[in-house]
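In: the following block contains a protein sequence and its predicted model.
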Amino acid sequence: MAKKSRLKVGVDVPWVASWTEEPMTGAAPCPTVDGELALGQVERPGYGLPLYSKNHVRRQRASMRDMLCPMCGEPTVVGDRWTLLATRRTAGQLRATRFRASVPEDCKDEQAVLDAGTIAPLHRACADRSLSLCPHLKSNPATELMAFPATSRISPLTILAPPQVEHFRRNPFGQSASVLAVGLLHLCGIV
(Lines give C-alpha, C1' and ligand atoms only; values in the text may rest on other atoms or scores of the structure.)
Protein backbone atom coordinates (compact mmCIF):
# COMPACT_ATOMS: atom_id res chain seq x y z
CA MET A 1 0.00 0.00 0.00
CA ALA A 2 1.35 3.41 -1.01
CA LYS A 3 1.89 6.12 1.57
CA LYS A 4 0.23 9.52 1.55
CA SER A 5 1.58 11.89 -1.09
CA ARG A 6 3.18 15.23 -0.25
CA LEU A 7 0.97 16.75 -2.95
CA LYS A 8 -2.11 18.36 -1.44
CA VAL A 9 -5.53 17.38 -2.83
CA GLY A 10 -7.40 20.48 -3.96
CA VAL A 11 -4.26 22.60 -4.15
CA ASP A 12 -1.54 20.72 -6.05
CA VAL A 13 -3.84 18.09 -7.54
CA PRO A 14 -7.49 18.63 -8.54
CA TRP A 15 -9.94 17.23 -5.99
CA VAL A 16 -11.72 15.33 -8.78
CA ALA A 17 -8.53 13.56 -10.02
CA SER A 18 -8.01 9.84 -9.39
CA TRP A 19 -4.97 8.44 -7.60
CA THR A 20 -3.18 5.15 -8.22
CA GLU A 21 -4.51 3.79 -4.90
CA GLU A 22 -8.12 4.25 -6.05
CA PRO A 23 -8.97 1.23 -8.23
CA MET A 24 -12.39 0.76 -9.78
CA THR A 25 -14.73 -1.42 -7.71
CA GLY A 26 -17.46 -2.30 -10.21
CA ALA A 27 -21.05 -1.08 -10.19
CA ALA A 28 -23.48 -0.56 -7.35
CA PRO A 29 -26.27 1.83 -6.38
CA CYS A 30 -24.79 5.30 -5.76
CA PRO A 31 -26.21 8.39 -4.06
CA THR A 32 -24.55 10.66 -6.66
CA VAL A 33 -27.19 9.44 -9.13
CA ASP A 34 -30.13 8.99 -6.75
CA GLY A 35 -29.35 5.35 -5.98
CA GLU A 36 -29.11 4.26 -9.61
CA LEU A 37 -26.52 1.70 -10.63
CA ALA A 38 -23.17 3.46 -11.17
CA LEU A 39 -19.50 2.67 -11.47
CA GLY A 40 -17.66 2.76 -8.17
CA GLN A 41 -14.13 3.48 -7.15
CA VAL A 42 -12.12 3.23 -3.92
CA GLU A 43 -11.87 6.55 -2.02
CA ARG A 44 -8.22 7.23 -1.15
CA PRO A 45 -7.41 10.68 -2.53
CA GLY A 46 -3.82 11.63 -1.87
CA TYR A 47 -2.46 8.08 -1.78
CA GLY A 48 -0.09 6.84 -4.46
CA LEU A 49 0.41 8.99 -7.53
CA PRO A 50 -2.11 11.42 -8.99
CA LEU A 51 -3.74 10.50 -12.31
CA TYR A 52 -4.35 14.06 -13.48
CA SER A 53 -6.21 13.18 -16.67
CA LYS A 54 -8.47 10.54 -15.09
CA ASN A 55 -11.47 11.71 -13.06
CA HIS A 56 -12.50 9.74 -10.00
CA VAL A 57 -15.98 8.57 -11.03
CA ARG A 58 -17.83 9.26 -7.78
CA ARG A 59 -16.14 12.64 -7.18
CA GLN A 60 -16.87 13.63 -10.80
CA ARG A 61 -20.55 12.81 -10.40
CA ALA A 62 -20.67 14.65 -7.05
CA SER A 63 -18.99 17.69 -8.61
CA MET A 64 -21.63 17.82 -11.34
CA ARG A 65 -24.64 17.09 -9.17
CA ASP A 66 -23.73 19.54 -6.40
CA MET A 67 -21.79 22.06 -8.54
CA LEU A 68 -18.60 21.41 -6.58
CA CYS A 69 -15.42 22.93 -7.96
CA PRO A 70 -13.37 20.09 -9.50
CA MET A 71 -10.18 21.76 -8.29
CA CYS A 72 -10.90 22.36 -4.58
CA GLY A 73 -14.08 20.29 -4.07
CA GLU A 74 -16.00 23.18 -2.48
CA PRO A 75 -19.43 24.39 -3.69
CA THR A 76 -19.55 27.02 -6.44
CA VAL A 77 -22.25 29.67 -6.62
CA VAL A 78 -23.96 31.40 -9.53
CA GLY A 79 -21.68 34.30 -10.46
CA ASP A 80 -18.52 32.40 -9.49
CA ARG A 81 -18.71 29.46 -11.90
CA TRP A 82 -16.12 29.35 -14.66
CA THR A 83 -15.19 26.87 -17.34
CA LEU A 84 -11.93 26.44 -19.23
CA LEU A 85 -12.58 23.80 -21.89
CA ALA A 86 -16.27 24.11 -22.73
CA THR A 87 -17.36 24.33 -26.34
CA ARG A 88 -19.89 26.84 -27.66
CA ARG A 89 -22.59 25.09 -29.70
CA THR A 90 -26.22 25.42 -30.56
CA ALA A 91 -28.85 23.21 -28.96
CA GLY A 92 -29.39 21.63 -32.39
CA GLN A 93 -25.70 20.78 -32.75
CA LEU A 94 -25.64 19.14 -29.32
CA ARG A 95 -28.88 17.28 -30.02
CA ALA A 96 -27.21 15.75 -33.09
CA THR A 97 -24.62 14.06 -30.81
CA ARG A 98 -24.87 11.34 -28.19
CA PHE A 99 -25.28 14.15 -25.62
CA ARG A 100 -28.78 15.13 -26.80
CA ALA A 101 -30.21 14.33 -23.35
CA SER A 102 -28.23 17.30 -21.96
CA VAL A 103 -30.40 19.75 -23.92
CA PRO A 104 -33.80 20.64 -22.44
CA GLU A 105 -36.67 19.83 -24.79
CA ASP A 106 -37.93 23.41 -24.72
CA CYS A 107 -34.64 24.78 -26.15
CA LYS A 108 -34.94 25.79 -29.79
CA ASP A 109 -32.27 24.33 -32.08
CA GLU A 110 -30.65 27.76 -32.56
CA GLN A 111 -30.38 28.36 -28.77
CA ALA A 112 -26.75 28.87 -27.67
CA VAL A 113 -25.39 26.31 -25.22
CA LEU A 114 -22.06 25.77 -23.52
CA ASP A 115 -21.04 22.10 -23.68
CA ALA A 116 -18.88 21.62 -20.57
CA GLY A 117 -18.52 17.89 -21.14
CA THR A 118 -17.57 16.06 -17.95
CA ILE A 119 -15.95 19.01 -16.18
CA ALA A 120 -17.99 20.97 -13.64
CA PRO A 121 -17.46 24.74 -13.33
CA LEU A 122 -14.62 26.01 -11.16
CA HIS A 123 -14.32 29.01 -8.85
CA ARG A 124 -12.56 31.89 -10.62
CA ALA A 125 -9.60 31.62 -8.22
CA CYS A 126 -9.34 27.86 -8.88
CA ALA A 127 -9.61 28.40 -12.65
CA ASP A 128 -6.79 30.98 -12.49
CA ARG A 129 -4.67 28.60 -10.38
CA SER A 130 -5.32 25.76 -12.83
CA LEU A 131 -4.33 27.95 -15.77
CA SER A 132 -1.09 28.93 -14.07
CA LEU A 133 -0.07 25.40 -13.01
CA CYS A 134 -1.48 22.89 -15.50
CA PRO A 135 0.77 22.18 -18.51
CA HIS A 136 -2.18 20.60 -20.39
CA LEU A 137 -4.32 23.73 -20.05
CA LYS A 138 -1.38 26.01 -20.90
CA SER A 139 -0.63 24.12 -24.12
CA ASN A 140 -4.23 23.52 -25.24
CA PRO A 141 -5.33 26.11 -27.84
CA ALA A 142 -9.00 25.44 -26.92
CA THR A 143 -8.47 26.70 -23.35
CA GLU A 144 -10.61 29.77 -22.77
CA LEU A 145 -11.87 31.16 -19.48
CA MET A 146 -15.65 31.61 -19.78
CA ALA A 147 -18.34 32.42 -17.25
CA PHE A 148 -20.67 29.46 -16.83
CA PRO A 149 -24.40 30.14 -17.30
CA ALA A 150 -26.77 30.10 -14.31
CA THR A 151 -29.01 27.54 -16.07
CA SER A 152 -27.64 24.11 -16.87
CA ARG A 153 -28.64 20.51 -17.47
CA ILE A 154 -26.88 17.32 -16.40
CA SER A 155 -27.30 13.94 -18.07
CA PRO A 156 -25.79 10.52 -17.33
CA LEU A 157 -23.22 8.82 -19.52
CA THR A 158 -23.83 5.08 -19.24
CA ILE A 159 -21.83 1.95 -19.96
CA LEU A 160 -22.51 -1.76 -19.57
CA ALA A 161 -22.09 -2.77 -15.94
CA PRO A 162 -19.01 -4.96 -15.47
CA PRO A 163 -20.04 -8.64 -15.40
CA GLN A 164 -17.94 -9.50 -12.32
CA VAL A 165 -20.19 -7.29 -10.19
CA GLU A 166 -23.11 -9.68 -10.70
CA HIS A 167 -25.57 -6.92 -11.62
CA PHE A 168 -27.37 -9.05 -14.14
CA ARG A 169 -31.06 -9.46 -14.60
CA ARG A 170 -32.87 -12.48 -15.97
CA ASN A 171 -34.96 -12.01 -19.09
CA PRO A 172 -38.25 -13.95 -19.49
CA PHE A 173 -36.30 -16.88 -20.96
CA GLY A 174 -34.09 -17.27 -17.87
CA GLN A 175 -31.01 -15.89 -19.61
CA SER A 176 -28.73 -13.30 -18.04
CA ALA A 177 -28.89 -9.83 -19.55
CA SER A 178 -26.39 -7.13 -18.69
CA VAL A 179 -27.57 -3.74 -17.45
CA LEU A 180 -26.36 -0.18 -17.87
CA ALA A 181 -24.50 1.71 -15.17
CA VAL A 182 -23.77 5.42 -14.96
CA GLY A 183 -20.10 6.18 -15.47
CA LEU A 184 -19.80 9.96 -15.51
CA LEU A 185 -22.17 12.88 -15.84
CA HIS A 186 -22.31 15.35 -18.75
CA LEU A 187 -23.03 19.07 -18.27
CA CYS A 188 -24.55 21.61 -20.64
CA GLY A 189 -24.99 25.29 -19.78
CA ILE A 190 -27.91 27.12 -21.35
CA VAL A 191 -26.75 30.56 -22.50
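Out: Perfect, I can see it now.

In: for this protein, which spans come out with low pLDDT?
Out: Applying pLDDT under 70 to the chain flags the ranges 163-178.

In: how about the strands in it?
Out: Residue ranges of the strands in the chain, as given by DSSP state E, are 17-19, 24-30, 36-41, 50-55, 82-83, 87-90, 112-117, 146-147, 151-160, 168-170, 176-178, 180-190.

In: and stretch 20-31, what's buried?
Out: Neighbour counts over stretch 20-31 (16 or more other Cβ atoms under 10 Å) mark 21-22, 27, 30 as buried. C-beta: built from backbone N, CA, C; applies to glycine.

In: which one of the strands of the chain lies closest to residue 123?
Out: strand 82-83 (7.2 Å; Cβ to Cβ).

In: what's the distance between that closest one and the middle of its chain?
Out: 14 Å (Cα atoms, centre = their mean, to the nearest Å).

In: what's next to it, contact-wise?
Out: 114, 116, 119, 121-124, 127, 145-148, 189 (Cβ atoms under 8 Å, 6 or more residues apart in numbering).

In: can you list these in CSV and add distance to residue 12?
Out: Shown next, in CSV, are the contacts of strand 82-83 (distance: Cβ to Cβ, whole Å):
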residue, distance to residue 12
114, 28
116, 24
119, 18
121, 21
122, 15
123, 16
124, 19
127, 16
145, 21
146, 25
147, 26
148, 24
189, 28
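
In: which of those tops the neighbour count?
Out: When neighbours are counted by other Cβ atoms under 10 Å, residue 121 leads the contacts of strand 82-83 with 30 neighbours.

In: burial count for the residue nearest to that residue when sequence neighbours are not counted?
Out: Nearest residue to residue 121, sequence neighbours excluded (Cβ to Cβ, 6 or more residues apart in numbering): residue 81, at 3.5 Å. Here the number of neighbours of residue 81 (other Cβ under 10 Å) works out to 23.

In: what separates residue 81 from residue 67, distance-wise?
Out: With distances taken as Cβ to Cβ, to the nearest Å, residue 81 is found 7 Å from residue 67.

In: overlap of the contact sets of those two?
Out: residue 121.

In: surely residue 101 meets residue 155?
Out: Yes. Using Cβ atoms under 8 Å, residue 101 is in contact with residue 155, at 3.9 Å.
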